[in-house]
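> Structure for this input, please:
(one chain, ligands or ions: 3)
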Amino acid sequence: MASYAYSTSASDLSTPRSSSPSSAASARSSHSSISQRMSISSRRISASNPLSTVNVATIAEQLKMANLDTLRGYAQHHYGEVKQGQATQYVPHHQAAGYQVLREPLWNKGLSFSPEQRVAKNLTGLIPHVMENLDKQCDRALKMVRTRQTNIDRYLYLSTIKDQNVDLFYRLLIDNAKEMMPLVYTPTIGDVCLQYSTLYTRPEALYISIKQRKSIRTMLRNWPYPAPDICVVTDGSRILGLGDLGVNGVGIPIGKLSLYTAAAGIHPEKTLPIVLDCGTNNETNLKDPLYLGLRQNRISMNEQQEFMDEFMEAAKEVYPEMVVQFEDFESEKAFNYLDRYRHDYKCFNDDIQGTGAVVLGGYIGAVNLSGVPIEEQRLVFMGAGSAGVGVAKQLVEYYTKRGLSEQTAKDKFWLVDTKGLVTKDRGDNLADHKTYFARTDNNGHQFRTLEEVIEYVKPSALVGLTATFGVFTESVVRALKASVDAGGLGRRPILFPLSNPLTKAECTFEQAVQWTDGTVIFASGSPFSSFSVKTAGDNVVTYHPNQGNNVYVFPGIGLGAILSKASRVTDNMIYTSADALSKTLNAEEVHKGLIYPAIDRVREANVIVAREVMKAARLDGVSTLPEEQWLEWEGWGDVALTKYITERIYDPIL
Ligand SMILES: NC(=O)C1=CN([C@@H]2O[C@H](COP(=O)(O)OP(=O)(O)OC[C@H]3O[C@@H](n4cnc5c(N)ncnc54)[C@H](O)[C@@H]3O)[C@@H](O)[C@H]2O)C=CC1
Ligand SMILES: CC(=O)C(=O)O
Ligand SMILES: [Mg+2]
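Numbers count the residues shown, from 1 in each chain. Ligands and ions are numbered 1, 2, ... in the order given. Sure, this is the predicted structure:
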């Protein structure tokens, strides 16, 4: 085996140093080349002695790794750990045998191991004799999920499965998206984050605190899986509509990345959830003796930005190919970081851009159903934060692409926040992100309530991104309907209460149906059930809600950026995701009057989104795939590119 030398630098291990000139070049490289060397080593070991084990001390000796934890983390996941007396032995992945196979969630196949595998891996007797495919094992797990009493219990059960058998967890999630997604994502994940300090059983993410800012690179390398493709990072400052949850917000990156795997087929090993702990202003957490984060108030905005700069630099250095998704940063930081990093890093903001794209994707269909021509649409937004402004800007882009001037497009939007209609002369210091939409047509009058705004604007669409339950009251919704009705017979109001989780929704689906006499075109951030009403003659009419959640696009945007090897994520890639999503409905969904595909088809939709995002990356000149590759795909239409994607995505089938 070749020998490689590393030594520790005082503050960080970001730049492994070589102790011999011959290994200088290899020592400059980072984790991925460590993994290459490890696999070279393992090949050599197995070639000379296929069943040999490797003592971790031997590997450490030979590699002279400065950071033993990194090696241990790496070795534990890529090598089976075998205790032999006092010594810990490691064997290469494919040779791992016995209990260690069953204990490693990425290797464990539950009862799917074939008789040959059971013999080869010394599993005989360690699992029941029966052999079951994944579907059968899903039946058992489903039965268990359904016997649990609360959604938190269901989440915990699923989390145990994820910790034992990754393939089973994802098969369950992929095949039962409608039932399982609300358990690993909104709304349940909101409750999980609120109770995370108590529910915590094991690490599932990287927890990087401001106190450890000198060691960000080391921490990134400590992640046991090599070269992640996608990272979702939050600082926990605005988790769903639940506010600042500090480090407990980590449930969101974990949940979002589960959906990257379930809804876009990114291999679980290639996903990296991160929470940056900058303190929290959440008094409940600070007083909770079990709170897991730094017990201090948030550091200043400037310090948070410096920390973020350091994080982004370190992430790019350690994992140069990784796409970074910013998630649930409070508005000011969300806009700032997106502007600051988007040109130099492969990154996008899910709340601004992903939400913008998903709402545009649904709005295109909604306008068609509404009977109000696109030129006549007038939109009121309740909530002018990262999501509200992000969505409004994405819709402005849609209008400008349809030939409207930017000013005419912008004039179709009225944004409302806690102080009322956002106007230029309101007399408060408008946050930067709101000024673009500040109105000047108010003739000095300030509209304080939503009812006043609706009375003045006569909107055709009302979008809620306030994180405030119930702000779409009966009088508000009836006023919206009246303003739409006044435009002509058969017109339908567009009503999107998009805030998450359900406890923050601006109104419920049932209310929306009743207050609009069933005419509403509805989308909410978290899922509502269908609603049936008995009509005269005992007929039953069933109304179907839509879930307008960025899960319909962020997995596809990320996958498209990864597979196109995009050097950055352009506006056009985001816009294209919306356009692609709007075209993914099948005949049945169209017939039902839906504006998004059924949630059970979220994966199908995201593959299409990813394909179109890849093409947009190429058009924008940011795809670094060879041009010959693109020319070859072009010759085959979408078929070849779709095949390329589907061949690369994770789909557990044993
Ligand atoms: N459906 C989806 O895919 C997504 C939903 N969201 C949800 O959107 C909500 C807002 O997110 P952000 O914009 O990032 O939050 P934010 O805190 O940046 O913005 C909230 C905005 O609502 C306004 N607001 C709050 N209460 C209000 C009230 N009673 N009346 C009028 N305005 C009020 C605030 O002034 C602020 O402008 C959250 O609940 C989040 O979960 C966010 C992203 C995606
Ligand atoms: C869905 C989402 O990203 C949010 O509510 O923040
Ligand atoms: Mg979010």
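> Would you point out which residue of the stretch 101-250 of the chain is nearest ligand 2?
Leu240 (4.4 Å; CB to the nearest ligand atom). C-betas here are computed from N, CA, C, even on glycine.
> do the chain as well
Asn500 (3.7 Å).
> any chance you could map the helices in the stretch 201-350 of the chain?
Using DSSP state H, counting those that start in this stretch, the helices of the stretch 201-350 of the chain run over residues 216-222, 251-264, 283-287, 301-318, 331-341.
> Residue of this structure nearest ligand 1, please.
Counting by CB to the nearest ligand atom, the chain gets nearest ligand 1 through Gly385, at 1.9 Å.
> And the pLDDT for the residue nearest to that residue when sequence neighbours are not counted?
Nearest residue to Gly385, sequence neighbours excluded (CB to CB, 6 or more residues apart in numbering): Ser331, at 4.5 Å. For Ser331, the pLDDT comes out at 97.
> got the contact list for Ser331?
Shown in contact with Ser331 (CB atoms under 8 Å, 6 or more residues apart in numbering): 238, 385-386, 389, 431, 433.
> Same question for Val396.
With contact set as CB under 8 Å, 6+ apart, Val396 has these partners: 406, 409-410, 413.
> likewise Trp630?
Residues near Trp630 by CB under 8 Å, 6+ apart: 618, 623.
> What of Leu559?
Contacts of Leu559 by CB under 8 Å, 6+ apart are 260, 264-266, 606-607, 610, 613, 645, 649.
> check those residues against ligand 2, which are close?
Here nothing survives when the contacts of Leu559 are matched to ligand 2 using CB under 6 Å from any ligand atom.
> what about burial for these, which qualify?
Buried by 16 or more other CB atoms under 10 Å: 260, 264-266, 606-607, 610, 613, 645, 649, out of those.
> Please name the bridge partners of Val232.
Pro273, Gln325 (DSSP bridges).
> Return the per-residue confidence for it.
pLDDT for Val232: 99.
> Roughly how far does it sit from Ile649?
As judged by CB to CB, to the nearest Å, Val232 and Ile649 stand 18 Å apart.
> What about the contacts of Ser331, which are in strands?
Using DSSP state E, no member of these falls within strands.
> circling back to that earlier point, just give the closest residue to the residue of the stretch 101-250 of the chain closest to ligand 2, not the sequence neighbours.
In this structure, Leu240 finds its nearest non-sequential neighbour in Asn500, 4.3 Å apart by CB to CB, 6+ apart.
> my guess is the one you found is in a helix, correct?
No: counting by DSSP: H, G, I helix; E, B strand; the rest coil, Asn500 is not found in a helix; it is coil.
> distance of it from Lys481?
25 Å.
> Give me the more crowded residue out of these two.
Under the criterion of other CB atoms under 10 Å, the comparison of Asn500 against Lys481 puts Asn500 first, with 24 against 20.
> which residues does the more buried one contact?
186-187, 190, 240-241, 467, 525-526, 549.
> and what of Ser114?
Met131 are the contacts of Ser114 under CB under 8 Å, 6+ apart.
> Now do the contacts for the residue of the stretch 101-250 of the chain closest to ligand 2.
Taking CB under 8 Å, 6+ apart as the criterion, Leu240 is in contact with 186, 189-190, 193, 252, 328, 467, 499-501, 504.
> and of those, the nearest to ligand 3?
Using CB to the ion, Asp328 is the member of the contacts of Leu240 that lies nearest ligand 3, at 4.5 Å.
> Need the nearest residue in space to the closest one, chain neighbours excluded.
Closest to Asp328 by CB to CB, 6+ apart is Thr234, at 4.6 Å.
> what about Ile127, how many neighbours?
Neighbourhood size, Ile127 [other CB under 10 Å]: 17.
> The residue nearest to it when sequence neighbours are not counted in helix, strand or coil?
Counting by CB to CB, 6+ apart, the nearest residue to Ile127 once its immediate chain neighbours are dropped is Leu111, at 6.1 Å. Here Leu111 is recorded as coil under three-state DSSP.
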